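Peer 1: Sharing a model prediction with you, sequence too.
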Amino acid sequence: MRFSVCVLAGFGLFLGSVAAEAAVFECKLEQLGANMGWVPPVVALTHPEGEQTAQVSDGIILAIVGKPVEAKVETDNAKRTTYSWVVMGRDSEAQNAKMIYRLTVMKADLSARMKMIPAGYANNFDAGGQCRKVKG
């Protein structure tokens, strides 16, 4: 719960700078033990209409980067929009860690699927969830 409150507090600041024509989504994702905490419970995303980039924020991004990061719009068609972004951090051995995220939002029902791939490793973490349109 505390994690969600932190993200939503950052989300409020995030909303303050959103252009009027931007769509803003709040996505809640399943928390599965197999994801080991690498799929956040809540993701905030703002996507200005017609743009090929968006801004994304979650508890992981706020903890590591300290502010929202830019996401690339990989796919935007009648069925879905897929966003991707990278979070750079340090692992427990103080080595650089690159985490590649992808979030797909289905337009018909706003269902979501997120995947995190740690660069250089064969495994990945993913979860489904549900988004809601907050603005736009």
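Peer 2: On my side now, so go ahead.

Peer 1: Now do the contacts for residue 99.
Peer 2: By Cβ atoms under 8 Å, 6 or more residues apart in numbering, residue 99 lies in contact with 38, 60, 86, 87, 88, 89, 116, 117, 118, 119. (Each C-beta comes from the backbone N, C-alpha and C, glycine too.)

Peer 1: Please repeat the previous calculation with a cut-off of 6 Å.
Peer 2: 87, 116, 118 (Cβ atoms under 6 Å, 6 or more residues apart in numbering).

Peer 1: if I look at the second one, how far off is residue 123?
Peer 2: Yep, that's residue 116 we're talking about. Remark: distance between residue 116 and residue 123 (Cβ to Cβ, to the nearest Å) = 10 Å.

Peer 1: In the sheet, which residues pair with residue 113? Tell me.
Peer 2: Beta-bridge pairing of residue 113 under DSSP bridges involves residue 104, residue 128.

Peer 1: check contacts around the residue nearest to the spatial centre of the chain.
Peer 2: The residue lying closest to the centre of the chain (Cα atoms, centre = their mean) is residue 43, at 4.6 Å. For residue 43, the contacting residues are 27, 58, by Cβ under 6 Å, 6+ apart.

Peer 1: now that we're looking at the most far-flung residue of the chain relative to its centre, how far away is residue 63 from it?
Peer 2: Within the chain, residue 93 marks the point farthest from the mean C-alpha position, 25.4 Å out by Cα atoms, centre = their mean. Per Cβ to Cβ, residue 93 is found 18 Å from residue 63.

Peer 1: in this protein, which spans are helices?
Peer 2: 2-16, 59-64 (DSSP state H).

Peer 1: So for residue 99, what's the nearest residue that isn't a sequence neighbour?
Peer 2: residue 87 (4.6 Å; Cβ to Cβ, 6 or more residues apart in numbering).

Peer 1: Kindly apply the preceding question to residue 129 instead.
Peer 2: residue 29 (3.6 Å).

Peer 1: residues in contact with that neighbour?
Peer 2: Counting by Cβ under 6 Å, 6+ apart, residue 29 has contacts 39, 114, 127, 129.
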